[in-house]
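Colleague: no sequence for this one, just the structure:
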């Protein structure tokens with residue numbers, strides 16, 4: 001991991017973060033352009049602190065779970081707005097409940113589709129063996 005020590009603060013180079021999380025530097029720059037990450041500049045080099053790294057972890061987890069960048073942004077923006085983080089926790093619960101509902105609906109749709117396809121397969125096989 002490309003770590004840079006600066007004034008007792010752990011900093012990360014973009015290449016190091018990209019390698020650590022198996023993503024491209026372009027992906028990290030994209031999240032920066034969307035206002036989700038806020039690296040400092042040292043000369044022409046982006047440097048990320050521990051908070052940026054933690055935010056990147058949350059962004060990647062959110063994307064993996066199917067949340068939109070807008071939803072992730074709303075969630076992350078609550079971190080600084082509420083010192084108790086209760087609002088952030090409530091937002092997360094709301095997002096999770098909505099996502100779970102959507103996934104359950106999709107699972108039911110998949111079950112229906114696979115059942116229909118299995119029936120079609122069975123009928124076609126019967127026809128071909130006659």
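Modeller: Happy to help now that I have it. Keep in mind that what you see is a predicted model, and the values were worked out from it rather than measured.

Colleague: now the strands for this structure?
Modeller: 3-6, 9-13, 40-42, 45-49 (DSSP state E).

Colleague: ok, the shortest one: who's next to it in the sheet?
Modeller: Using DSSP bridges, strand 40-42 pairs in its sheet with strand 45-49 (antiparallel).

Colleague: what inclination does the partner strand have with respect to strand 9-13?
Modeller: 130 degrees (axes from the mean of the first three to the mean of the last three CA atoms, to 10 degrees).

Colleague: Quick check: buried residues in strand 45-49?
Modeller: Buried residues in strand 45-49, counting neighbours by 16 or more other CB atoms under 10 Å, are found at 46-49. Yep, even glycine has a C-beta here, placed from its N, CA and C like the rest.

Colleague: returning to that earlier point: a markdown table for the strands of the chain, including mean pLDDT?
Modeller: As requested, the strands of the chain are arranged in a markdown table below (pLDDT from 0 to 100):
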| stretch | mean pLDDT |
| --- | --- |
| strand 3-6 | 52 |
| strand 9-13 | 88 |
| strand 40-42 | 89 |
| strand 45-49 | 91 |
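
Colleague: Which parts of the chain belong to which domain?
Modeller: Per automatic domain parsing, the structural domains of the chain span 1-66, 82-130.

Colleague: In this structure, spot the helix with the most residues.
Modeller: helix 86-129 (DSSP state H).

Colleague: Tell me how far it lies from the chain's centre.
Modeller: Its chain's C-alpha centre and that of helix 86-129 lie 21 Å apart, by CA atoms, centre = their mean, to the nearest Å.

Colleague: what's the average pLDDT for it?
Modeller: Taken as a whole, helix 86-129 has a mean pLDDT of 94.

Colleague: now for it, which elements pack on it?
Modeller: Helix 86-129 sits against helix 69-81, with contacts defined as 3 or more CB pairs under 8 Å, 6 or more residues apart in numbering; DSSP states H and E.

Colleague: buried ones in the helix it packs on?
Modeller: Buried, per 16+ other CB under 10 Å, within helix 69-81: 71-73, 75-76, 78.

Colleague: Appreciated, that's everything.
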